[in-house]
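A.B. asks: coords please:
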Amino acid sequence: MLKLWKLSLQCLFIYLLLFVENLTNALRYSQGTGDENCETIKSEIHLIKEEFDELGRMQRTCNADVIVNKCEGLCNSQVQPSVITPTGFLKECYCCRESFLKEKIITLSHCYDPDGTRLNSPEMATMDIRLREPTDCKCFKCGDFTR
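C.D. replies: Presented below is the predicted three-dimensional model:
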């Protein structure tokens with residue numbers, strides 16, 4: 001009986017150590033420490049926007065090469081054995097995503113009619129569109145959309 005009790009106590013102690021280690025790792029990674037490299041960088045993209053009338057006929061197509069911000073980088077993620085999860089592994093996955101977005105108005109300066117003729121009249125030669133782009137990026141737990 002004493003041997004069984006000692007074995008149970010040892011199992012409980014190991015379980016407790018693993019739990020503390022998992023909790024410590026989870027806290028360390030959720031606080032963003034380590035070799036994370038998530039940043040906001042500039043990127044050039046080609047935007048094309050079509051405009052249609054109320055009957056669904058294309059009125060004009062406008063495009064431009066524009067510079068916008070994007071999130072890019074690496075975040076610490078890990079998989080480790082766990083006695084408390086059903087799969088036997090604790091998975092902590094973090095992704096580089098935007099933490100704040102701002103609206104940006106972009107002017108598309110190359111506009112064409114449906115026949116491909118460049119439009120030159122002041123009201124048709126350009127088109128303003130609104131985009132939301134990141135101003136700051138951070139590592140977030142994957143699948144966590146409660147920001």
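A.B. asks: so the residue nearest to the spatial centre of the chain, which state does it fall into?
C.D. replies: By C-alpha atoms, centre = their mean, the mean C-alpha position of the chain lies nearest to Arg97, the distance being 2.8 Å. Secondary structure, DSSP: H, G, I helix; E, B strand; the rest coil: Arg97 is strand.
A.B. asks: and it, what does it touch?
C.D. replies: Arg97 makes contact with 71, 137-140, according to C-beta atoms under 8 Å, 6 or more residues apart in numbering. No exception for glycine: its C-beta is placed from N, CA and C like everyone else's.
A.B. asks: distance of it relative to Leu131?
C.D. replies: 17 Å (C-beta to C-beta, to the nearest Å).
A.B. asks: quick check: Asp136 is in a strand.
C.D. replies: Yes: counting by three-state DSSP, Asp136 is part of a strand.
A.B. asks: count of neighbours near Gly73?
C.D. replies: 15 (other C-beta atoms under 10 Å).
A.B. asks: I'm done for today, thanks for sticking with me.
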